[in-house]
Every structure is written in C-alpha cells, then in structure tokens.
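J.: Return a 3D structure for these sequence lines:
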Amino acid sequence: MDSTDFLQNKKSGIFIYSVSFYEKNNLIKIRLMNLKDLNKMTATLSNTRKMPVLFLGHGSPMNAIEENEFVSAFRKLGKELVRPNAILCISAHWETKGTFVTAMQNPPTIHDFGGFPQALFAVQYPAPGSPELAQETKKIITKTEVGLDDKWGLDHGAWSVIKHLYPNADIPVIQMSIDYSQPPRYHYELAKEINSLRQKGVLIIGSGNIVHNLRMVAWEKLNEEYAFDWATEANEKMKSYILSGDHQKLIDFRSQGKAFDLAIPTPEHYLPLLYTFALKEENDKITLFNDKAVGGSLLMTSLKIESD
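T.: This is a model prediction of the structure:
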C-alpha cells in the first residue's frame, strides 16, 4: 500500500511529500546470506568504542545544496566524529504501519519533494546499504516484528544531512521507519532496544525538527533567523528538558501546553528526537548546536550525545 500526503506553499509552488510505503502481512524476501556474508557481518559489526548518537534538524531540502551555517556545522561534525562502520537513520519522512528497515545492497536516492530547483533533483547520494545491519537490527528488536524492506531507499531526511557528514558516500546507510500508528512511548522504548548497536560502530541518527510547523512558515523569512514567540518558547522548554534529562516531559509532549501544540502539529518530525534521546546513558553528555530558527516556525536545533 502506498500513501502520499504533501503540503504546498501556493505562492512558491514548493511542496514536500510525506511518503509512506508498507506491505501488510507480507514478508519481503531478502537474498540468502552465504558464509561470506556472515563473515562480513561479523567483521562489520564487531564491538567498538561506543558511538555517539545524533539528532539533526534537517530543515529545508535546499540545505543539501546551499552553503550556510547549518551545513558548515554538519561538515565540522563529520570531521570530528569517529568514522562509523555503518549508519542507521530514523527520518521524519518514512512513516509506515509497522516498523521496517531498508535491507537492499544499494538504496536509491529518493527526491520526495517538489517545486525546488533542478539542481536539487540532480543530487545523488550513492552510499551502499547494509543487509547485514538490517538483519542485526531485526534480530535485536523484540518489541515488534521488524520488516525487511527492499523498496524504499534514502529519503531527503537522511541524505540531505548525511551527505555533509560523509560526502564520499562510502559508509553503509540503512533507514528505520516510524510506525505512525504507535504512541510516543512506544518509539522511545523501541529505540532503547537498538542501543547495543552503538557498541558495534553504528552511528544512529534521528533526522527531523523539534519545531516544525509548515502551515505557519513565514516564507519571506525562510533564509533568515526568525522565530515566532511560541516557537521560541517551545524550543527553550525542549532544550531545558533535554539538558536536565527530563525524559517523561519529552515523551508527554502533548501535555506541555499551547506552544508545544503549535511546534508539533504532527509528530513525525519530533519523534526522531525521542529515538535519539532514548539512547542517552547516565554518563553521556549532550551538546547542542545549530540552535536557530528560520521562517518563524522551523527550528534547526540539533544535538550530539556521546560518552563523557
């Protein structure tokens, strides 16, 4: 089943798709792994120093090709990080009924938007996939049955930021979908089940925006720092909860008042933050960056969680 929704700015003609693909009660066939594959899995996912976890505010797809302070911060971060064995990304732009991981060898670059310059559609991010990591992720998650997907790929929530971290596209990337039928706590608890991947050289990235209200964007201010009062209030409260370790308030975001309701009209861009924050361990430290608003109702605030 395919479902597609989009939000369009009538003046600019720009629209961004939120696309979901899922197959109900259908086991997707993945190639059988031979002995060589199993050896490769063991080597690729061997125990390592604990990897950081990221939440990246991806903002406009144009950040993939523009030069700005947000892109510069992503590049700087990529140079500072320990090189991962693989990347698992939870993107706001892959919502499904049930939980899936991409399991193809060569995931396509998905241009899930419209109305942007042709140069953006020309971008390809040919990172390899990792059927081995997909299988490992499926194995360690017990909360639900994880489907192995061979039809999705890398949507712009993934490639538009990862391309700045690792421009050579030489690190395997898989995506894990967001089950839109489940409540926030489900996603938080599901994320905890993949924590062991941090010890296997896997960089886990949540990609979304903590404040994301496209219907209220001041399009004429999209390329400058500008925030509505409610967006600033929501951002400051969220940062306070993040830095103080108040997991419960972040999970119960629907009970945090009007500013949060405006900041998170729909949950898909917020939930990747829960996947990231759920992986914080007691001695991990949090670093915030790109903490600025654009267009009034979009916050680029990003964070890195790493061992102290």
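J.: Tell me where the stretch 101-250 of the chain has helices.
T.: Here the stretch 101-250 of the chain has its helices, by DSSP state H, counting those that start in this stretch, at 118-121, 131-140, 156-165, 184-192, 229-244, 247-251.
J.: So which bits of the fourth one are buried?
T.: Residues of helix 184-192 classed as buried by neighbour count (16 or more other CB atoms under 10 Å): 184, 186-188, 190-191. In short, each C-beta sits where N, CA and C put it, glycine included.
J.: which helices and strands sit right next to it?
T.: strand 178-179, helix 247-251, helix 271-277 (3 or more CB pairs under 8 Å, 6 or more residues apart in numbering; DSSP states H and E).
J.: Let's see that with 10 Å instead.
T.: Judged by 3 or more CB pairs under 10 Å, 6 or more residues apart in numbering; DSSP states H and E, helix 184-192 is in contact with strand 86-91, strand 99-102, strand 178-179, helix 247-251, helix 271-277.
J.: May I see those organised as CSV, with mean pLDDT and distance to residue 237 added?
T.: Below are these laid out as CSV (pLDDT from 0 to 100; distance: least, CB to CB, whole Å):
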stretch, mean pLDDT, distance to residue 237
strand 86-91, 98, 23
strand 99-102, 98, 29
strand 178-179, 98, 23
helix 247-251, 97, 8
helix 271-277, 98, 13
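J.: got JSON lines for the ones you listed, with distance to residue 51 and mean neighbour count too?
T.: Shown next, in JSON lines, are the helices and strands packed on helix 184-192 (distance: least, CB to CB, whole Å; neighbours: other CB atoms under 10 Å):
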{"stretch": "strand 86-91", "distance to residue 51": "10", "mean neighbour count": "26"}
{"stretch": "strand 99-102", "distance to residue 51": "18", "mean neighbour count": "25"}
{"stretch": "strand 178-179", "distance to residue 51": "21", "mean neighbour count": "24"}
{"stretch": "helix 247-251", "distance to residue 51": "21", "mean neighbour count": "17"}
{"stretch": "helix 271-277", "distance to residue 51": "12", "mean neighbour count": "27"}
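J.: Need those in CSV (columns: distance to residue 155).
T.: Formatted as CSV, the helices and strands packed on helix 184-192 follow (distance: least, CB to CB, whole Å):
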stretch, distance to residue 155
strand 86-91, 6
strand 99-102, 10
strand 178-179, 12
helix 247-251, 24
helix 271-277, 12
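J.: and residue 138, which of those is closest to it?
T.: strand 99-102 (6.5 Å; CB to CB).
J.: any weak-confidence spans in this protein?
T.: The model of the chain has pLDDT under 70 over residues 1-46.
J.: can we see that at 80?
T.: Residues of the chain that meet the criterion pLDDT under 80 lie in 1-48, 308.
J.: ok, back up a step: to residue 147, which of the helices and strands packed on helix 184-192 lies closest?
T.: Nearest to residue 147 among the helices and strands packed on helix 184-192 is strand 99-102; the distance by CB to CB comes to 4.3 Å.
J.: re the thing from before, figure out which of the helices and strands packed on helix 184-192 is closest to residue 111.
T.: Smallest distance to residue 111 across those (CB to CB): 13.7 Å, for strand 86-91.
J.: which SS state does the closest residue to residue 239 other than its chain neighbours fall under?
T.: Closest residue to residue 239 apart from its sequence neighbours, by CB to CB, 6 or more residues apart in numbering: residue 288 at 6.5 Å. Counting by DSSP: H, G, I helix; E, B strand; the rest coil, the backbone at residue 288 sits in strand.
J.: Residue 303 is in contact with residue 288, correct?
T.: Yes - the criterion here is CB atoms under 10 Å, and residue 288 meets it with residue 303 at 5.2 Å.
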